[in-house]
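**Q** Sequence first, then the predicted structure:
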Amino acid sequence: MVPSLFLITTVELNLIALMDAVSTAASKPSGEGKSLQTGAISTFLGVVRGENLGRRVLRLEYEAYEPLAVRAFARIGAEVAERWPAIRLGIHHRIGRLEVGQASVAIVTCSPHRVDAFAACRYSIERIKQIAPIWKHEFFEGGDVWIEGATADPHDEEAKAEAFRRACA
Amino acid sequence: MRIKVYLFARLCDIVGNNEIEREVPIGTTVRMLWDNLITDFPGLEVYGESLSSAVNAEYARMDVVLNDGDEVAFLPPVSGGQSAM
């Protein structure tokens, strides 16, 4: 079964399955044309780091508002399609308990050319961090803390522009 | 009106529950619902400036007027994906 392009899951991320899903979406319904339209696939995996701000991290626990998170991913997909019309995007984010070294987020972009594939992939991770309703609870040696980043506002054009600048830097 | 309220991350810790129900008068906005929660859970107040909200799983502004049966989510600053740089 081909997985959804945009997904929140409690199980281990499967980058290959996501790549299959994105390249299938990039091809015509019959499957023909896939090789004609795709010249580059870019992937990103976010991984639980064993150190944060000088603390030794033991594990992370991710929490999401799932229906809104999936919609936020789809919104990012629409933003990507607006800037790079030939790109196809997939985002899978894992929630629950994750150990150091495990992947929390997988992103795949599929494009005729590598420049756009890289840029759209970078843009997507920046936007996930800005607008996806997902929270990280860090358990470190000696305590635990909720990591709080940006106030999520999908209509903040300045944040969107900043993500675009980083993507194309 | 009966409103279902979802709370996430630190907000859930403060309230001690990730899902509560509130009875509110007609004309109540998301902001009024939040202020109403603060009276019961003063620890929430510090999040007033950095908060996002959603109504029925769509991002919504705090001045949106609620309807009976709506599901409102209060979202502290997010931290999905990988770390900052």
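**A** Noted; the coordinates are in hand.

**Q** Show me what the longest helix seen in chain B packs onto, helices and strands only.
**A** Secondary structure assigned by DSSP state H gives helix B:30-40 as the longest helix of chain B. On a contact count with 3 or more C-beta pairs under 8 Å, 6 or more residues apart in numbering or on different chains; DSSP states H and E, helix B:30-40 meets strand B:2-7, strand B:19-23, strand B:52-55, strand B:71-75. From N, CA and C alone the C-beta is placed, and that goes for glycine too.

**Q** With respect to burial, which of those scores highest?
**A** Mean neighbours per residue, mean count of other C-beta atoms under 10 Å in any protein chain shown, is largest over those for strand B:71-75, with a mean of 22.

**Q** same for that strand, what does it pack against?
**A** strand B:2-7, helix B:30-40, strand B:52-55.

**Q** Same list, the ones you listed, but as JSON lines with mean pLDDT please.
**A** Shown next, in JSON lines, are the helices and strands packed on strand B:71-75 (pLDDT from 0 to 100):
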{"stretch": "strand B:2-7", "mean pLDDT": "98"}
{"stretch": "helix B:30-40", "mean pLDDT": "97"}
{"stretch": "strand B:52-55", "mean pLDDT": "97"}
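
**Q** how about low-confidence regions in chain A?
**A** Scanning chain A for pLDDT under 70 picks out A:1, A:27-36.

**Q** Can you name the residues of it sitting close to chain B?
**A** Within chain A, the positions lying close to chain B (C-beta under 8 Å from any C-beta of the partner chain) are A:46-47, A:49, A:52, A:62-65, A:67-69, A:71, A:93, A:104-105, A:125, A:128-137, A:146-155.

**Q** List the residues that contact the residue sitting furthest away from the middle of chain A.
**A** Here chain A reaches farthest from its C-alpha mean at A:G142, the gap being 30.2 Å by C-alpha atoms, centre = their mean. For A:G142, the contact set (C-beta atoms under 8 Å, 6 or more residues apart in numbering or on different chains) comprises A:R55.

**Q** show me where pLDDT drops low in chain B?
**A** Residue ranges of chain B with pLDDT under 70: B:80-85.

**Q** Would you check how far apart the residue nearest the centre of it and B:I38 are?
**A** Centroid-nearest residue in chain B: B:F74, 2.6 Å away (criterion: C-alpha atoms, centre = their mean). Remark: distance between B:F74 and B:I38 (C-beta to C-beta, to the nearest Å) = 11 Å.

**Q** And B:D68, by the same measure?
**A** To B:I38, B:D68 is 22 Å away according to C-beta to C-beta.

**Q** So between those two, which is more surrounded?
**A** Applying other C-beta atoms under 10 Å in any protein chain shown to B:D68 and B:I38 shows that B:I38 carries more neighbours, namely 15 against 9.

**Q** Enumerate every residue touching that one.
**A** Residues near B:I38 by C-beta under 8 Å, 6+ apart: B:L44, B:E45, B:G48.

**Q** Over to B:L7?
**A** Residues near B:L7 by C-beta under 8 Å, 6+ apart: B:I14, B:V15, B:N17, B:N18, B:E19, B:I20, B:A73, B:F74.
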